[in-house]
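Visitor: Here you go, sequence then predicted model.
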Amino acid sequence: MPIREGDRVELVVEGAWFEKFSWSRQVLDPELNQARGAPAFAIACTVVNLGHLAGIVARTDGSWDGKGRRHEGFEILVPWSYVVAMLEIGAEGGDARRIGFL
């Protein structure tokens, strides 16, 4: 079954591109301990629009400030050329995941 709009996913994005943005660390869950300079980053989010020609539109599960406090998430657009993979969160069986590499 393909990933659809409204599904919760871990969106894996290319690291060097992602870190160019000053806000990039704000959408990474600090509990995942994703180190600066990593080749890719996982962002927990909900798919908003898979049909956008430029990329995937998603709403992040949250944003975090410098003290690790969680706040409301952001709607982001990640160009298709920087999407490494999408892993579905919470598929059948609770912890099961479907994965798609681009």
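Guide: Noted; the coordinates are in hand. Residues are numbered from 1 along each chain as shown.

Visitor: all helices of the protein, in order?
Guide: 15-18 (DSSP state H).

Visitor: Let's check: the centremost residue of it is which one?
Guide: The residue lying closest to the centre of the chain (CA atoms, centre = their mean) is Ile43, at 2.7 Å.

Visitor: Tell me how far the closest residue to it other than its chain neighbours lies from Ala40.
Guide: In space, and not counting its chain neighbours, Ile43 is closest to Leu11: 4.7 Å by CB to CB, 6 or more residues apart in numbering. Any C-beta I mention is one placed from the backbone N, CA and C, and that applies to glycine too. Distance of Leu11 to Ala40, computed by CB to CB, to the nearest Å: 10 Å.

Visitor: Which of these two has more residues huddled nearby?
Guide: For Leu11 versus Ala40, neighbours defined as other CB atoms under 10 Å are more numerous around Leu11 (23 against 16).

Visitor: from what I can see the more buried one touches Ile89, true?
Guide: No - under the criterion of CB atoms under 8 Å, Leu11 makes no contact with Ile89, lying 10.3 Å away.

Visitor: Overlap of the contact sets of those two?
Guide: When contacts are counted by CB atoms under 8 Å, 6 or more residues apart in numbering, the set common to Leu11 and Ile89 consists of Ala44.

Visitor: How about the contacts made by Val27?
Guide: Per CB under 8 Å, 6+ apart, neighbours of Val27: Ile43, Thr60, Gly62, Ser63, Trp64, Gly73, Phe74, Ile76.
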